[in-house]
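*Asks:* A predicted structure for the sequence below; I have some questions about it.
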Amino acid sequence: MLWNDEDRTVTISKAGAVLFCRVDRPEAYLNGTPVTLDSPPRLVEGRTMVPLRFVAEGLGRGVTWHEPSATIRIDGFDE
């Protein structure tokens, strides 16, 4: 992961996938293709919060929300 403080962007790359997003902007990019995020990245107490689903699915992982326990499962996370 690469954080650019000047323009407040995050670039994540792994296994051929490149994800790019900017704090407070709902548009992001997956391998150069525009994606509209449900929620934009935010700065919270000095940390950058990026939508988990965008990152996980962009890296080829499945994401499942389990309502009763309010938990998220990311397939292949334990690999």
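*Replies:* Right, received. Where do you want to start? For clarity, every value in this text was computed on a predicted model and none was experimentally measured.
*Asks:* wait, what's in contact with the most centrally placed residue in the chain?
*Replies:* Nearest to the mean C-alpha position of the chain, counting by Cα atoms, centre = their mean, stands residue 55 at 3.1 Å. If you count contacts by Cβ atoms under 8 Å, 6 or more residues apart in numbering, residue 55 has them with 12, 19. Where you see a C-beta, it was placed from the backbone N, CA and C, and this is true even at glycine.
*Asks:* per-residue pLDDT, it?
*Replies:* You'll see residue 55 listed with a pLDDT of 93.
*Asks:* now do the SS call for it.
*Replies:* Under the three-state scheme (DSSP: H, G, I helix; E, B strand; the rest coil), residue 55 adopts helix.
*Asks:* hang on, residue 73 packs against residue 56?
*Replies:* No. Using Cβ atoms under 8 Å, residue 73 makes no contact with residue 56, being 9.9 Å away.
*Asks:* joint contacts of those two?
*Replies:* What both residue 73 and residue 56 touch, as defined by Cβ under 8 Å, 6+ apart, is the set residue 63.
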